[in-house]
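Engineer: Turn this into a structure:
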Amino acid sequence: MKVCVIGTGYVGLVTGVCLAEIGHDVICVDKDESKVSSLMEGKIPIFEEGLEELVKSNVKKKSLVFDAETSSGVAKSDIVFICVGTPPLPSGKPDLTAIDDVARMIGKSLNGYKIILNKSTVPIGTAKRITKIIRENQEGDQGFDIVSNPEFLKEGEAVKDAFFPERIVIGSGSKKAINMMKELYGPIIRQDFDYASGNSHRKKQVPILITDSTSSELIKYASNAFLATKISFVNEVANICERVGANILDVTYGMGLDERIGSRFMKAGIGWGGSCFPKDVRALSYTAEEYGSPASILNAVIQVNNQQRFKIIQKAVDMLGIIEDKVIGVLGIAFKPNTDDTREAPSVTVINKFLELGAEVRVYDPIVRDYPDSMDRGALFVTDAYKAVEGADLMVLVTEWEEFLTLDFNRIKGIMSEKNIIDGRNFLDKKMLRELGYKYMGIGN
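Structural biologist: The predicted model follows:
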């Protein structure tokens, strides 16, 4: 099929590449011409395992092209994906400026029947909003159908999630559109496409849910909000564990054995961040207020998560006393491992607070090499973990990168000024570190 994907961020780029890989002809559109040129050369602006190789191979096969002209991409395609950003406004309401702009351009570019598929995370009613804008801007009476098809890609595992999703949700009242969507996703639904890197992830068949657009839009928000709730709940239990002398690792393991609860998203830490959970929880809370159904649980989820980041600061004060003039090495900047995304990363809150209290802060991340927008430039970026903790009074692990498990802690013991470690993800071997003479603090134990 002929597919146009508008927007080449995490969602658009991964979606476009994976559709090309399973046999479709894909045009990825981005208004940034320099970005388009780089992508055509196989240079991608984000870190996502396996993505660069797929971009290069599909560009070479000419099943994937990049263009800066939306009208051209729309005109040449049967199905048009909208994959642009919907960042939160200060109120929590999603900013739909980019969605509206794209809808206007699509309306002006229609040259026959198209499916306009919204994959961006959007509030309830956006499908109807897009329909209205397109109709107001189309020059003829070309038919089109709007489909809500939310994405469920986890950063760091986005390529795997695109090829081997847990479900595909299609929100539409059009039988024609639904049938075309089933054809588009057919190889993924049947799991019969050729992708050697994914054999261990293959499923018998991917479940597909056909529903209305409003329910489809809500499924995405509700899913992310529930996962965020689970994490905030576990972090609150972890704080109770610290007060009463329990071990959160044992508590969550015991809870997870209950099939009704399960063990996923049950890791205590310093809170969630990234591009999805923060904005989606706030957006659902805003929608609830807007429709007269205040979301008390969601508001508490946000509050707990915001407070959790400062637990690290309190632990540092408990270990060091006055923070001023202390040297602190922070390991990890990205909000989670296997991605370079720093949006709403807990690390930024922690680092900024240490600097505010007068500490010297050195930071290291295997992938992130530059300051996130909201990070104080007073922090010093270094090139490896050992440089981050050399002469340090405290090591703080924020992101659970695998390479931190292989650090030589005997060597670190010899170069740190004081042997203090705060493990913000309960990632390191507590028993080993204490046997080596470190003062170790985790979360909830």
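Engineer: how about the helices of the stretch 101-250 of the chain, start to end?
Structural biologist: 126-137, 158-163, 175-184, 186-190, 213-244, 248-256 (DSSP state H, counting those that start in this stretch).
Engineer: Which strands or helices does the second one pack on?
Structural biologist: With contacts defined as 3 or more Cβ pairs under 8 Å, 6 or more residues apart in numbering; DSSP states H and E, helix 158-163 has these neighbours: helix 10-21, helix 51-61. In short, each C-beta sits where N, CA and C put it, glycine included.
Engineer: Just the mean pLDDT for it, thanks.
Structural biologist: Across helix 158-163, the average pLDDT comes to 95.
Engineer: likewise the fifth one?
Structural biologist: Across helix 213-244, pLDDT averages out at 96.
Engineer: Equivalent analysis for stretch 41-55, please.
Structural biologist: Mean pLDDT, stretch 41-55: 90.
Engineer: buried sites along that stretch?
Structural biologist: Going by neighbour count (16 or more other Cβ atoms under 10 Å), the buried part of stretch 41-55 is 44, 46, 47, 48, 50, 51, 54, 55.
Engineer: so how far is the helix or strand harbouring residue 387 from its chain's centroid?
Structural biologist: Residue 387 belongs to helix 385-389 when assigned by DSSP states H and E. Centroid separation between helix 385-389 and its chain, computed with Cα atoms, centre = their mean, to the nearest Å, is 27 Å.
Engineer: you'd agree residue 280 is up against residue 224?
Structural biologist: Yes - counting by Cβ atoms under 8 Å, residue 224 is a contact partner of residue 280 at 4.1 Å.
Engineer: chain center to the host helix or strand of residue 316, what's the gap?
Structural biologist: In this structure, residue 316 sits in helix 311-320 according to DSSP H and E. Mean-position distance between helix 311-320 and its chain equals 28 Å (Cα atoms, centre = their mean).
Engineer: before we move on, what about stretch 349-360?
Structural biologist: Worked out by Cα atoms, centre = their mean, stretch 349-360 lies 25 Å from the chain centre.
Engineer: if we look at it, which residues are touching it?
Structural biologist: If you take Cβ atoms under 8 Å, 6 or more residues apart in numbering as the criterion, stretch 349-360 is touched by 270, 309-310, 312-313, 316, 323-328, 330, 361, 363, 374-376, 378-380, 396, 398, 424.
Engineer: same deal with stretch 373-383?
Structural biologist: Under the contact criterion Cβ under 8 Å, 6+ apart, stretch 373-383 has outside partners 330, 333, 342, 348, 351-352, 355-356, 360-364, 369-371, 388.
Engineer: Quick one: mean pLDDT for it?
Structural biologist: Rounded mean pLDDT across stretch 373-383 is 96.
Engineer: Report the buried residues of it.
Structural biologist: Within stretch 373-383, judged by 16+ other Cβ under 10 Å, the buried ones are 375, 379, 381, 382.
Engineer: and if you look at stretch 322-338?
Structural biologist: For stretch 322-338, burial by neighbour count (16+ other Cβ under 10 Å) applies to 323, 326-338.
Engineer: Now distance to residue 436, secondary structure and pLDDT too, for the residues you listed, in JSON lines please.
Structural biologist: Listed next are the buried residues of stretch 322-338 as JSON lines, based on distance: Cβ to Cβ, whole Å; DSSP: H, G, I helix; E, B strand; the rest coil; pLDDT from 0 to 100:
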{"residue": "323", "distance to residue 436": "24", "secondary structure": "coil", "pLDDT": "97"}
{"residue": "326", "distance to residue 436": "21", "secondary structure": "coil", "pLDDT": "98"}
{"residue": "327", "distance to residue 436": "20", "secondary structure": "strand", "pLDDT": "98"}
{"residue": "328", "distance to residue 436": "20", "secondary structure": "strand", "pLDDT": "98"}
{"residue": "329", "distance to residue 436": "17", "secondary structure": "strand", "pLDDT": "98"}
{"residue": "330", "distance to residue 436": "20", "secondary structure": "strand", "pLDDT": "98"}
{"residue": "331", "distance to residue 436": "17", "secondary structure": "strand", "pLDDT": "98"}
{"residue": "332", "distance to residue 436": "21", "secondary structure": "coil", "pLDDT": "98"}
{"residue": "333", "distance to residue 436": "26", "secondary structure": "coil", "pLDDT": "97"}
{"residue": "334", "distance to residue 436": "27", "secondary structure": "coil", "pLDDT": "96"}
{"residue": "335", "distance to residue 436": "29", "secondary structure": "coil", "pLDDT": "95"}
{"residue": "336", "distance to residue 436": "27", "secondary structure": "coil", "pLDDT": "94"}
{"residue": "337", "distance to residue 436": "24", "secondary structure": "coil", "pLDDT": "95"}
{"residue": "338", "distance to residue 436": "28", "secondary structure": "coil", "pLDDT": "92"}
